[in-house]
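Peer 1: give me a model of this one.
(one chain, ligands or ions: 2)
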Amino acid sequence: MRTESEQTIYLKDYAPTPYRIVSVELDFKILEESTRVRAQLTVEPREGTAPGTPLVLDGDELKLDSIALDGAPLMQSAYASDANSLTLVEPPHKRFVLETEVTLNPAANTKLMGLYRSSGTWCTQCEPEGFRRITYYLDRPDVLAPFKVRMSAPKSVAPVLLANGNLVDQGDLGEGMHFAVWEDPFLKPAYLFALVAGDLGSIKDSFTTMSGREVELGIYCTHGKEAECAYAMDSLIRSMAWDERRFGREYDLDVFNIVAVSDFNFGAMENKGLNIFNDRLVFAKPETATDANYHGIERVIAHEYFHNWTGNRITCRDWFQLCLKEGLTVFRDQEFTSDERSRPVQRIHDVQNLRTSQFPEDGGPLAHPPRPDNYREINNFYTTTVYQKGAEIVRMLATMLGEAGFRKAMDLYFERHDGDATTIEAFIKVFEDSSGRNLSQFATWYLQAGTPQVKVSDSYDAASQSYTLTLSQTNDPTPGEPTKKPLLIPVRFGLIGPNGSPLGWTGVSGGTVEDDLILFDSDSATLTFEGVANKPVPSLFRGFSAPVKLSTNLSQDDLLFLARHDSDPFNRWDALQTASTTLIANAAQGKAWSEDDVDALRAALIDTLENGELDDAYKAQALDIPAETVVGRYIGKDVNPDAVAAARKGLVTALVSPVASKLASTYEALASSDAYSPNAAQAGRRSLRNGLLSLLTTGSDRGAALAANQFEVATNMTDRYAAMAISVRNWTSEASALLGAFRTRFAGDPLVFDKWLTASAQAPDEDVIDRMRATLAAPDFPKTNPNRLRSLLGSFVMANPVQFTRVDGAGFRFITEAVAEIDKVNPQVASRILTGFRVLPILEASRREAGMTALQALKEQHTLSRNVGEILDRILA
Ligand code: ARG
Ligand code: ZN
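Peer 2: Ligands and ions are numbered 1, 2, ... in the order given. From the prediction side, this is the model:
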């Protein structure tokens with residue numbers, strides 16, 4: 001019907017605030033019924049501000065109780081206030097102190113932005129615009145100030161009182177109340193503010209920094225969960241050491257605290273000195289957490305810690321610059337995991353993630369540049385494009401500059417911009433100044449949406465020993481960007497000779513080639529390599545050196561040759577992926593594979609499995625047959641998910657049938673009785689074994705029973721969950737019973753319930769929607785908890801294409817109806833789930849229309865938040 005506000009904010013309108021906030025003192029009186037917030041802002045006009053310029057502070061659902069200026073109550077005519085703003089009509093033209101008071105009801109705050117209560121604990125989320133839900137403020141990232149926070153609360157319900165920085169005072173107030181005062185000496189924007197009050201347990205440790213300072217570390221959680229925080233603490237300590245080693249970055253406060261809460265819109269938040277985490281990214285024990293959960297905890301703990309330099313010490317000028325901190329920090333956490341575990345395995349993992357989530361975003365109605373130039377609701381721009389593509393852009397810089405060159409540039413970035421709220425342009429400038437390269441064309445990656453398609457063909461002339469590579473790039477239009485500029489694409493490559501060893505060349509013409517890197521910067525280029533002794537097979541985009549879609553003239557044979565001989569582990573993996581994706585996609589479009597194709601692919605897969613030099617985690621990735629959604633995306637138009645699912649199952653069956661016994665005995669041999677450890681070696685072994693179980697279940701009739709048995713005998717959640725999820729995805733005759741057994745076994749553990757919800761939503765059978773409706777309608781379903789909602793609904797839209805995109809529209813309607821309900825409680829969660837509809841344009845017409853009809857009904861029948869309204873309009877446009 002109508003949305004909250006359809007106003008668009010533009011980057012070009014950026015201007016600094018006319019006033020600066022010199023310092024902030026906050027006083028929170030936390031009581032069971034309500035919280036009273038008194039703010040004392042010391043404010044002064046910036047240089048150049050004309051006398052009489054109004055001061056406009058942001059608010060969101062606030063009501064002003066009292067206001068004073070320099071200690072005196074303010075006359076009614078001197079200000080205006082409503083829920084969304086507070087204006088001083090004509091502030092003094094000098095430094096002054098503004099005092100305001102508001103009363104909040106954190107228990108009623110289901111949006112989980114600002115100050116809210118989660119299972120009794122008071123906590124905050126301020127990024128990006130939550131602080132304005134706590135007090136009237138210049139709530140934008142380029143307003144930096146020192147904060148002093150006093151809080152008082154009943155000792156019985158809130159013995160723990162935390163905020164940013166260092167604890168400077170605490171004491172008893174009588175009548176069951178106590179207080180604490182925290183001071184953060186570092187200037188920060190309001191989005192990094194945090195406060196926690198509650199009855200929490202904790203674990204403590206310490207870290208000695210490279211200059212010998214001792215930092216106290218604490219992780220706070222629900223009582224009884226302390227032991228499950230150990231892996232998070234271990235990850236934190238390793239992150240702190242790594243940032244010193246790899247980037248020379250030392251922690252800067254005396255305290256670093258983390259708090260785990262159960263209701264949280266995202267993964268975690270890097271508030272200065274007081275990170276707040278979704279508890280699913282803190283708690284882990286072998287019986288209830290999978291290897292993937294441990295991996296996620298390590299990654300996100302590192303990510304939030306790394307923000308202390310890339311995000312906090314150097315922050316963003318405005319929210320358009322979000323990927324300045326997010327892309328860079330994701331790059332840093334990817335590098336951390338690569339160094340701590342296996343680099344090729346991590347790279348494959350990250351690229352898989354890019355292809356399954358970022359490419360679909362970039363190729364659909366929600367495509368936007370990593371540095372957008374307009375938005376209606378900034379929360380809709382915490383996207384995989386800003387995060388993951390942002391990280392790929394930084395990675396390309398690292399590829400072009402080399403390790404030492406990259407480190408030198410990062411050193412300059414920290415030196416030049418420490419304490420700044422800055423921009424992508426400034427970041428690029430640092431890299432230009434440090435390396436002497438002109439990066440103006442490269443910067444287009446930040447400003448232009450869409451995944452480039454790179455086509456490569458080659459030819460060899462034996463007589464002249466010359467080899468030619470012809471490259472072209474196309475950048476298809478995306479919403480609001482009808483024409484595109486060519487990008488500077490770094491192509492790391494090698495030429496491989498007939499016996500599998502690298503082939504050299506004596507000279508190259510037609511483009512810029514630096515060692516093994518082609519800098520491809522035009523619509524098309526033809527490179528001629530001289531002195532190439534034999535006809536090579538090219539290995540292109542080694543390590544996935546640029547986030548593009550590649551198509552080549554390589555045959556299935558060439559791909560399988562690469563899968564065996566490429567010295568680049570990423571490309572060996574990718575060759576197998578391309579080989580199987582092509583076969584499935586062709587079959588789904590009516591072009592059957594030949595027996596030879598399947599035999600050759602099977603032989604390459606088995607050789608990989610039996611290769612003594614590869615580790616288990618890598619083998620598991622190599623044996624992973626691309627998901628239906630990846631194949632659908634590869635096909636790209638008029639997709640029929642039923643046909644894709646059938647083709648995928650058909651290929652797996654053809655591959656597995658003749659070797660089922662061999663796979664089954666390898667599966668048995670990989671069993672282990674070692675005590676569980678989340679380390680990379682053990683996790684790799686489990687992932688290979690579970691990968692084989694998946695192949696056997698999809699492609700033979702032996703898997704179902706093996707899975708049911710594994711479910712029973714498993715001694716850890718990784719194996720038990722895999723057994724259940726594989727059974728459910730293949731909807732084996734045991735699947736329903738396993739779901740039931742799992743639910744009973746772990747009744748009462750919310751994070752394990754999420755696993756049940758995630759698996760349940762991926763059942764491909766017709767009744768799945770009815771079952772999900774019943775799950776949601778159960779009186780005890782926690783309808784306001786983001787983790788529960790996302791586990792069920794997010795998993796359905798993103799990973800159950802057959803049922804979500806049903807021709808009868810039942811899947812689409814189930815989601816739009818749920819979104820309408822959730823939107824009233826938590827718009828951020830609702831809009832995130834709705835993004836699943838971005839798949840519509842690639843579907844066959846009947847499904848696309850059914851999806852559009854459901855979206856139209858959502859628009860016509862409901863009053864929607866700005867969050868949902870914006871996503872809806874962009875998909876319908
Ligand atoms: N800065 C956080 C992180 O990536 C994410 C916060 C997103 N929150 C939000 N409400 N949009 O580490
Ligand atoms: Zn982040």
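
Peer 1: hey, let's count contacts and neighbours off CA atoms from now on
Peer 2: OK.

Peer 1: which parts of the stretch 301-450 of the chain sit against ligand 1?
Peer 2: Taking C-alpha under 6 Å from any ligand atom as the contact definition, the stretch 301-450 of the chain meets ligand 1 at 304, 379, 382.

Peer 1: apply 5 Å and report the result again.
Peer 2: residue 379 (C-alpha under 5 Å from any ligand atom).

Peer 1: contacting residues for the residue of the stretch 301-450 of the chain found nearest ligand 1?
Peer 2: Closest approach between the stretch 301-450 of the chain and ligand 1, counting by C-alpha to the nearest ligand atom: residue 379, at 4.6 Å. When contacts are counted by C-alpha atoms under 8 Å, 6 or more residues apart in numbering, residue 379 touches 128, 828, 867.

Peer 1: ok but it is inside a helix, no?
Peer 2: Yes. Residue state for residue 379 (DSSP: H, G, I helix; E, B strand; the rest coil) corresponds to a helix.

Peer 1: what comes up buried for the biggest helix by length in the chain?
Peer 2: The helix that spans the most residues within the chain, counting by DSSP state H, is helix 390-417. Across helix 390-417, burial judged by 16 or more other C-alpha atoms under 10 Å covers 390-401, 405-414, 417.

Peer 1: which of the contacts of residue 379 count as buried?
Peer 2: Using 16+ other C-alpha under 10 Å, the buried members of those are 128, 828, 867.

Peer 1: pull up the gap between the last one and ligand 1, please.
Peer 2: Plainly put, residue 867 is 11 Å away from ligand 1 if you go by C-alpha to the nearest ligand atom, to the nearest Å.

Peer 1: cool, and residue 112?
Peer 2: Taken as C-alpha to the nearest ligand atom, the span from residue 112 to ligand 1 is 9 Å.

Peer 1: what of residue 496?
Peer 2: 41 Å.

Peer 1: does that residue touch residue 539 like I think?
Peer 2: Yes. Counting by C-alpha atoms under 8 Å, residue 496 touches residue 539, with 7.2 Å between them.

Peer 1: joint contacts of those two?
Peer 2: Joint contacts of residue 496 and residue 539 (C-alpha under 8 Å, 6+ apart) are residue 566.

Peer 1: most remote residue from this protein's center?
Peer 2: Relative to the centre of the chain, and counting by C-alpha atoms, centre = their mean, the farthest-placed residue is residue 463 at 51.2 Å.

Peer 1: helix, strand, or coil at it?
Peer 2: coil.

Peer 1: tell me the contacts of it?
Peer 2: So residue 463 contacts nothing (C-alpha under 8 Å, 6+ apart).

Peer 1: just the pLDDT at it, thanks.
Peer 2: In this prediction, residue 463 carries a pLDDT score of 98.

Peer 1: ok, residue 6 next?
Peer 2: 77.

Peer 1: the residue lying closest to it once chain neighbours are set aside: what's it in contact with?
Peer 2: The shortest distance from residue 6 to any non-neighbouring residue, by C-alpha to C-alpha, 6 or more residues apart in numbering, is to residue 376 (6.6 Å). Going by C-alpha under 8 Å, 6+ apart, residue 376 touches 6-9, 866-867, 870.

Peer 1: tell me how far the nearest residue to residue 799 once chain neighbours are set aside lies from residue 806.
Peer 2: Leaving aside its chain neighbours, residue 799 sits nearest to residue 762 (6.4 Å; criterion: C-alpha to C-alpha, 6+ apart). Noted for residue 762: a distance of 14 Å to residue 806, by C-alpha to C-alpha, to the nearest Å.

Peer 1: of the two, who's got more company?
Peer 2: It is residue 762, of residue 762 and residue 806, that has more neighbours when counted by other C-alpha atoms under 10 Å, with 27 against 20.

Peer 1: helix, strand, or coil at the more buried one?
Peer 2: Looking at residue 762 with three-state DSSP, the answer is coil.

Peer 1: what's the answer for residue 353, then?
Peer 2: Quick answer, by three-state DSSP: residue 353 is helix.

Peer 1: pLDDT at it, what is it?
Peer 2: pLDDT, residue 353: 97.

Peer 1: ok, it to residue 447 distance?
Peer 2: 22 Å.

Peer 1: mind listing what residue 718 touches?
Peer 2: Taking C-alpha under 8 Å, 6+ apart as the test, what residue 718 contacts is 286, 289-292, 686.

Peer 1: nearest to ligand 1, out of those: which one, please.
Peer 2: residue 292 (18.5 Å).

Peer 1: which non-adjacent residue is nearest that closest one?
Peer 2: Residue 292 sits nearest to residue 718 (C-alpha to C-alpha, 6+ apart), 7.9 Å away.

Peer 1: sorry, back to before: drop anything exposed from the contacts of residue 718.
Peer 2: For these, buried by 16+ other C-alpha under 10 Å: 286, 289-291, 686.

Peer 1: so which of those residues are in helices?
Peer 2: 291, 686.

Peer 1: how close does the residue of the stretch 751-877 of the chain found nearest ligand 1 get to residue 267?
Peer 2: Closest residue of the stretch 751-877 of the chain to ligand 1, C-alpha to the nearest ligand atom: residue 828 (7.5 Å). Going from residue 828 to residue 267 by C-alpha to C-alpha gives 13 Å.

Peer 1: now do residue 768
Peer 2: Taking C-alpha to C-alpha, one finds residue 768 at 28 Å from residue 267.

Peer 1: ditto for residue 233
Peer 2: Residue 233 is 17 Å from residue 267, by C-alpha to C-alpha.

Peer 1: of those two, who's got more company?
Peer 2: residue 233 (23 against 17).

Peer 1: who touches that one in this structure?
Peer 2: Contacts of residue 233 (C-alpha under 8 Å, 6+ apart): 205, 219.

Peer 1: does residue 260 really touch residue 276, like I thought?
Peer 2: Yes. Assessed by C-alpha under 8 Å, residue 260 is found in contact with residue 276 at 6.1 Å.

Peer 1: residues contacting the residue in the stretch 151-300 of the chain positioned nearest to ligand 1?
Peer 2: At 4.5 Å from ligand 1, residue 269 is the closest residue in the stretch 151-300 of the chain, using C-alpha to the nearest ligand atom. Taking C-alpha under 8 Å, 6+ apart, we find residue 269 in contact with 125, 127, 275-277, 304.

Peer 1: do that again at 6 Å, thanks
Peer 2: Applying C-alpha atoms under 6 Å, 6 or more residues apart in numbering to residue 269 gives the contacts 275-276.

Peer 1: which strand or helix spans the residue nearest to residue 42 when sequence neighbours are not counted?
Peer 2: Once flanking residues are discounted, residue 42 sits nearest to residue 97: 4.4 Å by C-alpha to C-alpha, 6+ apart. Assigned by DSSP states H and E, residue 97 belongs to strand 96-104.

Peer 1: and that strand, what does it pack against?
Peer 2: strand 35-45, strand 64-69 (3 or more C-alpha pairs under 6 Å, 6 or more residues apart in numbering; DSSP states H and E).

Peer 1: could you tell me how far the last one lies from the centre of the chain?
Peer 2: Okay, so that is strand 64-69. 41 Å (C-alpha atoms, centre = their mean, to the nearest Å).

Peer 1: with only the CA atoms kept, save that strand in CSV.
Peer 2: Output of strand 64-69 as CSV, limited to C-alpha atoms (Å, rounded to 0.1, in the frame of the first residue of the first chain):
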residue,chain,number,x,y,z
LEU,A,64,11.9,14.4,24.7
ASP,A,65,11.4,14.7,28.4
SER,A,66,13.5,17.7,29.1
ILE,A,67,16.1,19.9,27.5
ALA,A,68,18.6,22.5,28.8
LEU,A,69,21.3,24.6,27.3
